[in-house]
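Q: Curious how this folds, go ahead:
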Amino acid sequence: MQGIATTFGRTLNVVLLAATLAALSGCIVPHFYVDDAVKEVPAANLRKTEPPHPVQVMFEFQTKGAPNAKATEVLKARVLAQIKDSSVFADVSEAPVADGALLSIQINNVSLTDDVARKGFGTGLTFGLVGTSVDDGYICTLTYHADAQAPALVSQARHVLHTTIGNTSAPLNGTPVASAREAAELLTRQVLSQALNDLTHKTDFR
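A: Numbering: from 1, shown residues only. Sure, this is the predicted structure:
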């Protein structure tokens, strides 16, 4: 259970604790579903910088607006690779680039489920006989400066992760994934592609 909390930056510590306590009975296994409403935008659909130029990329994962260093570490390499593979920029670097182009990426995990603590505690006490469904929101914000003097362009996209614990039905609008890490990687890729697509189609993008 600790791997779920640290890898994905989940805000639902009480739910995870209840599941841990009940896991000895073999009743409780969390199941993860990435919402179907958000699809990955193909790289071919993205506009490229003109003329092509390199960009510095900074990435941070947050939990309820606070930096989550562990989740940032887990996902950063994939985020940087996705920006590079998109071919939107001539090159991608974590260090400053010559013309000062900068792309800041933040993904913030917020709970969308009311009274999570009470529901999770109930699931633990009943050893999974009373199930819990939890929804987590993920807000991806891109802030882009074409050069050191350029004004900021801001783009956002949102995604949802559904988690079920104990005896409850799977959501009708979710794709099942095998683990929290797999869910994090798929969800991040999809929501980042959406935000990047929106950014590159802004009138002032260059």
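
Q: Only C-alpha atoms from now on, for both contacts and neighbour counts.
A: Noted.

Q: Show me what secondary structure element comes after the helix or strand of the chain with the lowest mean pLDDT.
A: Least confident helix or strand of the chain, by mean pLDDT, DSSP states H and E, is helix 13-22 with a mean of 41. Reading on from helix 13-22 to the C-terminus, the next helix or strand found by DSSP states H and E is strand 31-35.

Q: partners of that following strand, with directions?
A: According to DSSP bridges, strand 31-35 forms sheet pairs with strand 153-165 (antiparallel), strand 174-177 (antiparallel).

Q: After that strand, which helix or strand is next? Please name it.
A: Once strand 31-35 ends, the next helix or strand along the chain (criterion: DSSP H and E) is strand 55-63.

Q: helices or strands up against the lengthiest helix in the chain?
A: Counting residues, the longest helix in the chain under DSSP state H turns out to be helix 180-200. Packing contacts for helix 180-200, counted by 3 or more C-alpha pairs under 8 Å, 6 or more residues apart in numbering; DSSP states H and E, involve helix 2-8, strand 31-35, helix 69-85, strand 132-145, strand 153-165.

Q: Kindly present those as JSON lines, with separate columns for mean neighbour count.
A: Converted to JSON lines, the helices and strands packed on helix 180-200 look like this (neighbours: other C-alpha atoms under 10 Å):
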{"stretch": "helix 2-8", "mean neighbour count": "16"}
{"stretch": "strand 31-35", "mean neighbour count": "22"}
{"stretch": "helix 69-85", "mean neighbour count": "17"}
{"stretch": "strand 132-145", "mean neighbour count": "21"}
{"stretch": "strand 153-165", "mean neighbour count": "21"}
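
Q: For Leu102, which of those is the nearest?
A: Across these, the minimum distance to Leu102, taken as C-alpha to C-alpha, is reached by strand 132-145, at 5.2 Å.

Q: any weak-confidence spans in the chain?
A: Of all residues in the chain, those with pLDDT under 70 make up the ranges 1-28, 113-131.
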